[in-house]
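Asks: my questions concern the predicted model and sequence given below.
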Amino acid sequence: MKPLIKVIIPAFNEEESIAKVIAEIPVFVDEVVVTNNNSTDATAKNSKNAGATVVDEKRKGYGYACIKALEYIAKQSKKPDIIVFLDGDYSDYPEEMNKIVQPIIDENIDFVVGARLKKWREQEAMTFPQIFGNWLATTLMWLFFHSKFTDLGPFRAIKYKKLLELNMEDKTYGWTVEMQLKVLKKGYTYREVPVHYKNRIGTSKVSGTVKGAIFAGVKILTWIFKYSFK
């Protein structure tokens, strides 16, 4: 029996890109849930027109948006087997989702991250703060937890039941690193698969600003040191 797969896309002012992202999501996905994270543009309208379910979260933050989508899914009578997280800025390649979910389906892996390899990235697709932040975070995870992660890529998949067991807490930029740290602490099986990465449409809300980059960095380090000495 084929697994039930749902996709969660947190989105803040992504009216130019969101329909493109949704259109390229593979047909094996049961439902695409876009969290309209207090957008002031046509993000919600364009998402609905592209066939996605839209839930609203007025509190700004990546974690808030993910949690709101999960609350919606939790109310459904038929629960998914796999949750895929994907950005709404068109920087990922949704058609590569098969590579993301396949280790879970074929090998019973619990968690998979799409690793944005340098040779598969468009020039300047990742900013220096992103590259340095990824290097620092994954290096610290290697030092403290013997982790094999090389990226905090947002394109990722996880078994739904395992995700619930993580009891995710972070409301903003620390969501991705919190997930990976908890996966390590709980001893879940995990895998990285290489994915392509392109220049996003529009300006990044995190790495596109000094404030966002600093706040994200602080969040990442806070989670790592919290779990290192726990």
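Replies: Nice, thanks for sending it over. Numbering: from 1, shown residues only.
Asks: by mean pLDDT, flag the weakest helix or strand of this structure.
Replies: Lowest mean confidence among the helices and strands of the chain (mean pLDDT, DSSP states H and E): helix 210-228, at a mean of 67.
Asks: which stretches of the chain form strands?
Replies: 5-11, 31-36, 53-56, 82-85, 111-121, 156-159, 190-197 (DSSP state E).
Asks: grab the nearest non-local neighbour of W120.
Replies: Sequence neighbours aside, H196 is the residue nearest to W120 in space, at 4.6 Å (criterion: CB to CB, 6 or more residues apart in numbering). The way it works is simple: take the backbone N, C-alpha and C, and place the C-beta from them, glycine included.
Asks: I figured the one you found was touching K118, is that so?
Replies: No - using CB atoms under 8 Å, H196 is not in contact with K118; the gap is 11.3 Å.
Asks: more neighbours, the two?
Replies: Ranked by neighbour count (other CB atoms under 10 Å), H196 and K118 place H196 first, with 18 against 9.
Asks: quick one: that one and R121, what's the gap?
Replies: H196 sits at a distance of 7 Å from R121 (criterion: CB to CB, to the nearest Å).
Asks: also N167?
Replies: Noted for N167: a distance of 33 Å to R121, by CB to CB.
Asks: who has more neighbours, these two?
Replies: For the pair N167 and R121, the greater number of neighbours falls to R121 (17 against 7), based on other CB under 10 Å.
Asks: residue contacts, the residue nearest to that one when sequence neighbours are not counted?
Replies: Among residues not flanking R121 along the chain, Y197 sits closest, at 4.5 Å (CB to CB, 6+ apart). Residues in contact with Y197 (CB atoms under 8 Å, 6 or more residues apart in numbering) are 91-93, 116, 120-122, 125-126.
Asks: does T138 really touch G153, like I thought?
Replies: No - when contacts are counted by CB under 8 Å, T138 is not listed as touching G153 (10.6 Å).
Asks: what about these two, which has more around it?
Replies: Higher neighbour count among T138 and G153: G153, with 24 against 21, using other CB under 10 Å.
Asks: need the per-residue pLDDT for that one.
Replies: With respect to pLDDT, G153 has a value of 94.
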